[in-house]
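In: Following is a predicted model, sequence given first.
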Amino acid sequence: MEAVGLTPVLVVSTALFTLGVIGVLTRKNALIVFMSVELMLNGVNLAFVGFSRQTGSMDGHVFAIFVMAVAAAEAAVGLALVILLFRNRLTVQLDDLDRMGG
Amino acid sequence: MPPVMDSVALAAPLVLLALMGVVLMVAAAVFRPMPKGAFWMASCATVAGALVLVALSSGQPANEAFSGMLRMDAFGNFFACASLLGGLFALLLTESYMERIGVRVGELYALMLFALCGMLGMAYSNDLMMVFISLEVMSLAIYAMCAIKRSDERAVESGFKYFILGAFSSAIMLYGVAFVFGATGSTSLTTIAHSLASSGGEAGTLLLVGVALLFVGFGFKVASVPFHMWAPDVYQGAPTTVTALMATGVKAASFAAFGRVVIGALGEDAGHWSGALWVMAAATMLVGNLGALVQNDLKRMFAYSSIAHAGYMLMALSSVSEAGAVENDGIGSLAFYMLAYVFMNAGAFAVLSLMTDEKGDDATDIAKLSGLGKSHPWLAAGLSLCLISLAGLPPTMGFIGKFYLFAAAIGAGQVGLAMVGALGAAAGVYYYLRPMVYMYMKDGHPEIAQDGRAKLALGVCGALLVVFGLMPSAVLAWADVAVRSVIG
């Protein structure tokens, strides 16, 4: 099997990351926005692993594991906050978050 | 001793905070309802203990722990002290404030210790991956603390907004870390500095993109323009004592990590980035100061004020990176100003935390200060002192700090940036003096809670602001040593 070079890995990684950014910026549902952030993190992971393969060090692989652990912790806090939000407001639409200002 | 134990001993303050955080988290699950005073006492003692440990290690030469992940040096010690002091002051206000708003959960104190542990990690971390993990340890605890009053719509909204934007920005920052890793083959700040030095300061595209993404991530964390839009809502909605921690400890820790990356890792190559820092600093100072002018809620005003102050500190960072760092006399101004900023904000938030109505909701509208000068002359005097310091007027630490900040910028040839800053600071005088007009020139009956510990915090902050304002040389020397220790 022929080894995949760095470029395709980076292309996929950038595509994932960019999709995530677009999702965060355009979607209005809190859960979808949260999923988009996870998509961004997965793009990052792919980049770490790709770079690590290129340089031949294991560091990037280890970082990817770290990122997954942090993402899991983030999901725990984030979903708890979404549930709290729903209990208080009966909605998870970001447009409805307007209780503060001026 | 095996090497890992050496590292644990070096990182004793972090280990202490993390262990006590776990202990309190378990205790909070066992002892329900929360016994009055015990959690508060335990967390105060822990933070004080961590401060002592940091102070004890301050004479030591720089030392690396956990295979270079942490670098225990004067820079880290300085910012760790700033964060821990911010945490200690916030803790002083916490218990009686939480009692007033009806939150009685021991987990809050555990989260506070975790957040402080993360802040210390950011102050000492010498590796981009460590920066990221410490940042998350700190942020995840703070998100939860924002929403600690679960029935309060605004608090939950604030926590959620902070979470979404925080997670978004740390993902961006992490992509930056990945690119820097790809460009230099390492995430260690020391190795990055070496590889930049050996390439003669010639930065490749990968590195440029990576550092740009890092700057976006840090920009979010320190609330610099154009990544500042979360700050007003989050500051306003979060419980006042949590806001106090955000305005002091979080800011100090974020600038510690940002400063170490800019000065320590990119130092050789900083000329490339000082343009970006220049624009960020100028925009942040202007938007922060102008935004604060029209605010009537004090917490919201302090949010814009914190944006403006992030701008001043970015100016310091920009001038350090511009002027071949070492020759610059103003190099310590960033650290000195950070410490002053912690004291003046902690003092101001001590008064804000006393402003609750009979239902236990925050009543931080500026009009609620009317008549404070007559009914509570000492509180009014203390708050005025903090506001005068924030405005940068003598005889306070804020004045000395601003003086050195602007001197450093002009010394580095950034006269334009200093002028933008001076314009912003002039606008700042208006909105910092406005609460004083309400306190002393309008009549009213302010509802102010009684709390000896908040008064103690205010008293200590006020005293330190004046003492270090009149005799700044010792702190200035310490700040100078601290920042120079990163350049190595």
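Out: Received the coordinates, thanks. Residues are numbered from 1 along each chain as shown, chains lettered A, B, ... in the order given.
In: Please identify the buried residues of stretch B:114-132?
Out: Buried residues in stretch B:114-132, defined by neighbour count with 16 or more other C-beta atoms under 10 Å in any protein chain shown: B:114-132. In short, each C-beta sits where N, CA and C put it, glycine included.
In: quick check: mean pLDDT across that stretch?
Out: For stretch B:114-132, mean pLDDT is 95.
In: can you give me the mean pLDDT across stretch B:26-40?
Out: 89.
In: whoops, I mixed them up, stretch B:405-423
Out: Mean predicted confidence for stretch B:405-423 is 89.
In: Return the set of buried residues in it.
Out: Those would be B:L405, B:F406, B:A408, B:A409, B:G411, B:A412, B:Q414, B:L417, B:A418, B:V420, B:G421, for stretch B:405-423 by 16+ other C-beta under 10 Å.
In: near chain A at all, whichever strand or helix holds B:E157?
Out: B:E157 is part of helix B:153-184 when elements are defined by DSSP states H and E. Yes: counting by C-beta under 8 Å from any C-beta of the partner chain, chain A is contacted by helix B:153-184 at B:153-154, B:156-161, B:163-164, B:167-168, B:171-172, B:174-175, B:177-179, B:181-182.
In: Taking the stretch 351-488 of chain B, what residue is nearest to chain A?
Out: Of all residues in the stretch 351-488 of chain B, B:D362 sits closest to chain A, at 11.3 Å by C-beta to the nearest C-beta.
In: quick one, what contacts that residue?
Out: B:D362 makes contact with B:I101, B:P239, B:T240, B:K299, B:M355, B:T356, according to C-beta atoms under 8 Å, 6 or more residues apart in numbering or on different chains.
In: give me the number of residues near the fourth one?
Out: Neighbour count of B:K299, defined by other C-beta atoms under 10 Å in any protein chain shown: 24.
In: That one: what's it in contact with?
Out: With C-beta under 8 Å, 6+ apart, B:K299 has these contacts: B:Y235, B:Q236, B:T240, B:T243, B:L352, B:D362, B:T364.
In: I'd like those residues as a markdown table, with distance to B:K442 and pLDDT appended.
Out: Below are these laid out as a markdown table (distance: C-beta to C-beta, whole Å; pLDDT from 0 to 100):
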| residue | distance to B:K442 | pLDDT |
| --- | --- | --- |
| B:Y235 | 25 | 94 |
| B:Q236 | 23 | 93 |
| B:T240 | 22 | 94 |
| B:T243 | 25 | 95 |
| B:L352 | 18 | 93 |
| B:D362 | 20 | 80 |
| B:T364 | 16 | 87 |
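In: ok, for B:C117, nearest residue in space, not its chain neighbours?
Out: Using C-beta to C-beta, 6 or more residues apart in numbering or on different chains and skipping the chain neighbours, the partner closest in space to B:C117 is B:L17 (3.9 Å).
In: Which helix or strand contains the one you found?
Out: helix B:12-30.
In: tell me what that helix is packed against?
Out: In terms of contacts (3 or more C-beta pairs under 8 Å, 6 or more residues apart in numbering or on different chains; DSSP states H and E), helix B:12-30 is packed against helix B:38-56, helix B:107-124.
In: ranking those by burial, who's on top?
Out: The highest average neighbour count among the helices and strands packed on helix B:12-30, using mean count of other C-beta atoms under 10 Å in any protein chain shown, belongs to helix B:107-124 at a mean of 28.
In: Determine the next helix or strand in the C-terminal direction from that one.
Out: From helix B:107-124, the next helix or strand downstream (DSSP H and E) is helix B:128-146.
In: what's that following helix packed up against?
Out: helix A:59-89, helix B:107-124, helix B:153-184, helix B:240-245, helix B:251-259.
In: What is the neighbour count of B:P232?
Out: 25.
In: right, and it touches B:S305 too?
Out: No: with contacts counted by C-beta atoms under 8 Å, B:P232 stays clear of B:S305, the gap being 10.5 Å.
In: about what we covered before: identify whichever of the helices and strands packed on helix B:128-146 lies nearest to B:V8.
Out: helix B:107-124 (13.4 Å; C-beta to C-beta).
In: Any idea how far that closest one is from the middle of the chain?
Out: 13 Å (C-alpha atoms, centre = their mean, to the nearest Å).
In: ok, now stretch B:7-24?
Out: Worked out by C-alpha atoms, centre = their mean, stretch B:7-24 lies 21 Å from the chain centre.
In: neighbouring contacts of that stretch?
Out: B:1, B:39, B:42-43, B:46-47, B:49-51, B:53-54, B:57, B:63, B:65-67, B:70, B:72, B:80, B:84, B:106-107, B:109-111, B:113-114, B:116-117, B:120-121, B:124.
In: quick one: low-confidence parts of the stretch 301-450 of chain B?
Out: Confidence mapping of the stretch 301-450 of chain B against pLDDT under 70 gives the ranges B:322-330.
In: Please identify the residue of the stretch 301-450 of chain B positioned nearest to chain A.
Out: For the stretch 301-450 of chain B, C-beta to the nearest C-beta, closest residue to chain A: B:A303, 10.3 Å.
In: Quick one: list the elements packing against whichever strand or helix holds B:G424.
Out: According to DSSP H and E, B:G424 maps onto helix B:415-441. With contacts taken as 3+ C-beta pairs under 8 Å, 6+ apart, helix B:415-441 sits against helix B:271-293, helix B:298-322, helix B:372-375, helix B:377-391, helix B:397-411.
In: After it, which helix or strand is next?
Out: Counting by DSSP H and E, what follows helix B:415-441 is helix B:452-470.
In: quick one, what contacts the residue positioned nearest the centre of chain A?
Out: The C-alpha lying nearest the average C-alpha coordinate of chain A belongs to A:E38 (C-alpha atoms, centre = their mean; 2.3 Å). Shown in contact with A:E38 (C-beta under 8 Å, 6+ apart): A:G20, A:A71, A:A75.
In: follow-up on the earlier one: let's see which of the contacts of B:K299 end up in helices.
Out: Judged by DSSP state H, the subset of the contacts of B:K299 located in helices is B:Y235, B:Q236, B:T240, B:T243, B:L352.
In: Please list which of these are also close to chain A.
Out: Answer for the ones in helices among the contacts of B:K299 near chain A (C-beta under 8 Å from any C-beta): B:Q236.
In: Surely B:A367 and B:N296 touch.
Out: Yes: here B:A367 reaches B:N296: they are 7.5 Å apart, a contact under C-beta under 8 Å.
In: thinking again about what came up before, neighbour count and distance to B:A141 for the ones in helices among the contacts of B:K299 - can I get that in JSON lines?
Out: Below are these laid out as JSON lines (neighbours: other C-beta atoms under 10 Å in any protein chain shown; distance: C-beta to C-beta, whole Å):
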{"residue": "B:Y235", "neighbour count": "29", "distance to B:A141": "17"}
{"residue": "B:Q236", "neighbour count": "26", "distance to B:A141": "20"}
{"residue": "B:T240", "neighbour count": "28", "distance to B:A141": "17"}
{"residue": "B:T243", "neighbour count": "28", "distance to B:A141": "15"}
{"residue": "B:L352", "neighbour count": "24", "distance to B:A141": "22"}
